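Q: sequence and predicted structure below; questions after.
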Amino acid sequence: MRARGRTALVLAMIVLPVLALSFIAVSADMANLTSAEEMDRRLGDADAELRMISQGPVTQDADGSGWTGSDDRVPEAVTVDAIARLLPTDSRILPVRRWVPLHVRDGSRVRDDVLATAADLTDPLAAGLVRIHQGRVPATADEIAVNRAARRTLGAGIGDVLTAGDGTQNWTVVGVIEMPEALEPKMFLHPDGVPSGPRSHDTVFLVDLPGPVTKDLFRHLNRNGVVVGARTSAPPTALDVAGPFSGSLGPEAIGTGLLAGGLGLLEVVLLVGPAFAVGVRRRRRELALVAVAGGDAAQLRRVVLADGVLLGCVGAAAGLALGVLSAFAARPLVEEFVFQHRFAGYRVWPAALGVIALVAVLAGVLAALAPAWTAARQDVVAGLAGRRGATTHRRRWLTLGVLLAVGGAVVAGFGAAMVSPVVILGGLVLGELGLVFATPTLVGLLARLGRFLPLAPRIAVRDASRNRSSAAPAISAVMASVAASVALGAFLASDDIRTDQQYRPLLPDRTVLVTADDPEGAGPPDEAAITGTAREHLGAGAIAPLATAGCRTTFEACLVSAVPPPAQICPWRPYPPITEADQQRARADQRCQGPAEDHLDGYLQVAVDDGAALPMLTGATPAEVAAATAVLRAGGAVVTDPRYLGDGRLHLQVEHGEPTRTKEAIVPGYAVRSDLRPPWLVLSPAAADRLDLAVRQTGWAIEADEPPGQRQRDRFVEAVESIGPVGTQFEVGKGFGGAEPLLLLLAGVSAVVTVGAAGIATGLAAAEGRADLSTLASVGAGPGVRKLLSLCQAGVIAVLGSLLGIVAGLCSALIILTFTNRRLTEGWPVEPPYPLVMPWLTLGVLVVVPLVAMAGAALLTRSRLPVERRLD
């Protein structure tokens, strides 16, 4: 109570992580539905939910969420009548299609990212499936309802009209409703309003039975390929015993969670520790009086540790209360924007909250542990006089720190070679502890440079050295946070570049394909219309017809492919995994180089061309196009994967549908080297005739002047869709990497910790150094000296912690990437190594953060130097 500011600081540092953890725990507990709650949500007012998944017997788990079938053939179309024949008389059935792909026009764009549910929601069986917020449910084919997320995404309210992507159908929005289990953008249609097209197999049937769901009915339906979900558990099966659908955590996940929690606990201890250290120094006279009155070292330690227990308990209680209240208050937002489903009842997680409370108390005790040992060793006479005793710093801590740092590096490297996140994280924890133990010695070495510095930085480094018990933990906290961010940032940046290197484009980056959505209908759009649109929006210069080949009777029911020569086929397949000895042989075999997808039975994109569309489909050079065109005119074929070519010839094959029939031909061939995946097989018209294939134009191949941007793509798509029902295909980009948001998030977390630790340490140093400020004022120091001193004190904490963290993080990343790459060189299929990349984005943020901390310390410090009466 006498040091309210310091007490509030310690409580805040304990309360914040407790609040965050308890908020997550309570939210997760409310989000985790019980089996009964889940079943009530799935069934509504129905007795059971049926799903036909096989034409043979099935084995399911208790609630029907997992199953295995003896027959992999899925029924093509499951009707209400087919289900009714398996049920007792007088059963009522409601079909529900939960995931219907729906293309809706949003201004000039066609949105395909909002799914729909199709069901007759006016049926009494559907009464418990949805919640109505506004309006009503769709009752006719031209009506639609949206949930809140879809209303935000599409900007559609009650009374608005939504148009299908192809412009053939309109729906009027009549309500804002939701399914509690799916709050992502979703729409709701009447079954008669579903657009025509291929039907998916995700239809479930809600049934109202005249009697209870019996064990005999379960077995009868399972024998006929139907999975049953009901409030009554299914009869015990082998599937339940095997437990493949169990959601329990494995040892790896538990170990990773414990180590991650240990890192967070260490961070809190390092941030709270300086406050306890300063508190002990401010109470040194009081502790000396306890010693004079007969208190021994153990009693002095217990006095300081009691501070940690008291503040840990108060912080835990306050954090738990605030966390639970925050979770209850933020529940609607968390439901909609995080978990995207409605929770069940309001409840907490007592076991988790108890563990969190114990961790908070443990953090307080650990933070007070080092100051407690310091208090027990203080000079009693110096404490009674109010003087600061000389504290010795033992070299054994430096030795221990170096050993732990080196050992942690070895363990992390070993974990990377084993591909074990637990071992890697354990090594990083050991290395971080080693640096924490070595930090006081580094601060002492830095103080020796103070003699070469001006007044303010000289006092700052001297104070950091004298007050190592408070400065070292703050520096360590900054170092730990920065090291973790830099290490993860380096790995993410490396993985981002590696992902880009592994990416295999679908098309050349300047190529656009326009194909008919209904190739058996009116055919591709008119050439003149496509030409004008492409030149207007893409600056296109070359346009060629795009044709494909299929069987004459059933065009889509046959597979056209090329057979590679046996001598050029890798004798091993990557899946299932092969032995280590075979992996070594495969790595040494020239036929087995390249990524895994090159050694699978590949799919070829087939086109028929005389050479006009070849450069647009393959991206070939002019010399390659000339040679390939000559082969096509000679009745041959062209591939973009040279492994299919043998002695200048291609072995072509056509597999017809059931019953399986094969037709083969050997034609002249040419290979255009390309990284396109899947590869292209371009047939000449003569080769298609030899294989007895029908040739049909399906669209146009267009070459743009430059790779089209997103705005060009949107304008072009809008223009060609006004011509007719067509689809467009662009090359999507270089890869799938997108680590920038994660890098910025890591850097932001480190920035908060750095600024917070620097602010805490600077404020404590200012409170501790009031006597020095009085001395400065008495000898004529100007008002700006205090601001400059605060700036330098913050700089010592932030700059030294950031530098140590950057070095530690880069070393950790180097170790992990090196050992990971060594593992990659021993396996097969051949995988590219992780490049050693500097995370410049993270480093750029972290270089600026110490400057921000220093500027903030200078701005928030009062410039008037106090003149205090000195008693000693």
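A: That came in fine, so what should we check first? Numbering: from 1, shown residues only.
Q: quick check on P668: phi, psi?
A: phi -60, psi 140 (degrees, to the nearest 10).
Q: what does the pLDDT read for G844?
A: As summarised for this prediction, G844 has a pLDDT of 78.
Q: thought V361 was touching G312?
A: Yes - V361 lies in contact with G312 (CB atoms under 8 Å); the separation is 3.7 Å. C-beta here means a position set from N, CA and C on the backbone, and glycine is covered the same way.
Q: and the two? Which one has more around it.
A: G312 (27 against 19; other CB atoms under 10 Å).
Q: what about the more buried one, which SS state?
A: What DSSP: H, G, I helix; E, B strand; the rest coil gives for G312 is helix.
Q: excluding its backbone neighbours, what's nearest it?
A: Sequence neighbours aside, G364 is the residue nearest to G312 in space, at 2.7 Å (criterion: CB to CB, 6 or more residues apart in numbering).
Q: just give the number of residues close to that neighbour.
A: 29.
Q: and G155, by the same measure?
A: G155: 10 neighbours (other CB under 10 Å).
Q: before we move on, what about R285?
A: R285: 13 neighbours (other CB under 10 Å).
Q: repeat that for R283.
A: What R283 shows, counting by other CB under 10 Å, is a neighbour count of 20.
Q: mind pulling the model confidence for it?
A: 75.
Q: ok, it to A370 distance?
A: For R283, the distance to A370 equals 15 Å [CB to CB, to the nearest Å].
Q: shaky segments in the stretch 51-200 of the chain?
A: Low-confidence segments of the stretch 51-200 of the chain, defined by pLDDT under 70: 70-77, 107-110, 112, 166, 197-200.
Q: wait, the residue nearest to G312 touches A306, no?
A: No - applying CB under 8 Å, one finds G364 not in contact with A306, separated by 10.1 Å.
Q: what's the first helix or strand after the longest helix seen in the chain?
A: In the chain, assigned by DSSP state H, the helix with the most residues is helix 784-824. Downstream of helix 784-824, the first helix or strand assigned by DSSP states H and E is helix 840-859.
Q: buried set for that next one?
A: L841, T842, L843, V845, L846, V849, P850, A853, M854, G856, A857, A858 (16 or more other CB atoms under 10 Å).
Q: pLDDT score for the first one?
A: Just to be clear, that refers to L841. 73.
Q: please apply the same query to the last one.
A: According to the model's per-residue confidence, A858 sits at a pLDDT of 72.
Q: give the contact list for the residue lying closest to it once chain neighbours are set aside.
A: Sequence neighbours aside, L791 is the residue nearest to A858 in space, at 4.1 Å (criterion: CB to CB, 6+ apart). L791 makes contacts with A456, M854, A855, A857, A858, as judged by CB atoms under 8 Å, 6 or more residues apart in numbering.
Q: what helix or strand does V26 sit in?
A: Here V26 is assigned to helix 4-31, by DSSP H and E.
Q: pull the distance from that helix to the chain's centre.
A: 25 Å (CA atoms, centre = their mean, to the nearest Å).
Q: which elements pack onto that helix?
A: helix 251-282, helix 297-329, helix 331-334, helix 350-376, helix 740-768 (3 or more CB pairs under 8 Å, 6 or more residues apart in numbering; DSSP states H and E).
Q: what comes up buried for that helix?
A: 6-7, 9-27, 29-31.
Q: check stretch 429-449 too.
A: Neighbour-count burial for stretch 429-449 [16+ other CB under 10 Å]: 429-444, 446-447.
Q: and what of stretch 395-413?
A: W397, L398, G401, L404, A405, G408, A409, V411, A412, G413.
Q: how about low-confidence regions in the stretch 551-700 of the chain?
A: Using pLDDT under 70, the stretch 551-700 of the chain drops low at 552-557, 575-576, 596-597, 599-602, 657-661.
Q: all helices of it, in order?
A: 580-588, 614-618, 622-633, 685-690 (DSSP state H, counting those that start in this stretch).
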